[in-house]
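> Turn this into a structure:
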Amino acid sequence: MNRERAVTQHIRQRAKLWPKGRLFEDFEVGKTFAHHWGRTITESETLLFTTLTLSYNPLYFNRAFANAHGHPDIVVNPQLIFNTVLGLSVEDCSEIGGPFLGVYGLKYHRQVYPGVTITASSKTTEARISSSNPANGIVTWESEGLDENGEVVVSFRRSNLIRLRAAGEA
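Numbering: from 1, shown residues only. Got it, this is the predicted structure:
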């Protein structure tokens, strides 16, 4: 065995599994999660996201056009704001995995401009055992994305299939 392989094996042997995520039993209706960190949306991120997703609305990439239509700067692509808030919620709500069941009631409350820091929170609104797959539960959250002034910029409900703790022990 070469030295590099021996070092790698030694590191793996010393590594400790750090459990992440929550199982169905960890969610209580009414529990709120304030997702940590937040994210500052830069101009380059919204331009790249807009280009890669073929979102050719000039408000998202043409400053002169945005100014002519009453905006102080280009508008951050709303889908980027949604994806950011959804991403911020994953660690608390769905990190263990399980099928994503959908988004409902997605609402954009106001425009966001480059340089704004978005934070997010989610509240568990429903938790029930799946009737078609009783080894799992269905959990639904209401999530909000807020700017640094605490104003809501996006809100939505989402659901995931989440494994029951007892199902993993069987």
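
> When you work out contacts or count neighbours from here on, use the C-alpha atoms and nothing else.
Fine.

> Tell me, how many residues neighbour the residue nearest to residue 123 when sequence neighbours are not counted?
Counting by CA to CA, 6 or more residues apart in numbering, residue 123 lies nearest to residue 32, which is 4.2 Å off, once chain neighbours are set aside. Burial measure for residue 32: 17 neighbouring residues, criterion other CA atoms under 10 Å.

> next one: residue 133
Quick note: residue 133 (other CA under 10 Å) scores 11 neighbours.

> tell me which element it falls in.
According to DSSP states H and E, residue 133 maps onto no helix or strand at all.

> per-residue confidence at it?
Residue 133 carries a pLDDT value of 91.

> how far away is it from residue 163?
Residue 133 sits 10 Å away from residue 163, going by CA to CA, to the nearest Å.

> got the buried residues for stretch 118-131?
Using 16 or more other CA atoms under 10 Å as the test for burial, stretch 118-131 gives 118-125, 127-129.

> now for stretch 98-113, what's the gap between its first and last residues?
First-to-last residue span, stretch 98-113, CA to CA: 33 Å.

> Please settle this for me: is residue 73 part of a helix?
No - applying DSSP: H, G, I helix; E, B strand; the rest coil, one finds residue 73 to be coil, outside a helix.

> Nearest residue to it in space, please, no chain neighbours.
That would be residue 63: by CA to CA, 6+ apart, it lies 5.7 Å from residue 73.

> list the contacts for the residue nearest to residue 123?
With contact taken as CA atoms under 8 Å, 6 or more residues apart in numbering, residue 32 is in contact with 121-124.

> For residue 7, report the pLDDT, please.
pLDDT at residue 7 comes out at 81.

> How far away from the center of its chain is the helix or strand hosting it?
Here residue 7 sits within helix 3-14, counting by DSSP H and E. Offset of helix 3-14 from its chain centre (CA atoms, centre = their mean, to the nearest Å): 34 Å.

> For it, which outside residues touch it?
Contacts of helix 3-14 (CA under 8 Å, 6+ apart): none.

> now do 10 Å
residue 15 (CA atoms under 10 Å, 6 or more residues apart in numbering).

> right, and the helix or strand after it?
Counting by DSSP H and E, what follows helix 3-14 is strand 32-40.

> returning to what we had before: ok, so of the buried residues of stretch 118-131, who is nearest residue 50?
residue 118 (18.0 Å; CA to CA).

> Sticking with residue 122, tell me its helix or strand.
Judged by DSSP H and E, residue 122 forms part of strand 117-129.

> Give me the helices and strands touching that strand, please.
Judged by 3 or more CA pairs under 10 Å, 6 or more residues apart in numbering; DSSP states H and E, the packing partners of strand 117-129 are strand 32-40, helix 78-93, strand 136-146, strand 152-163.
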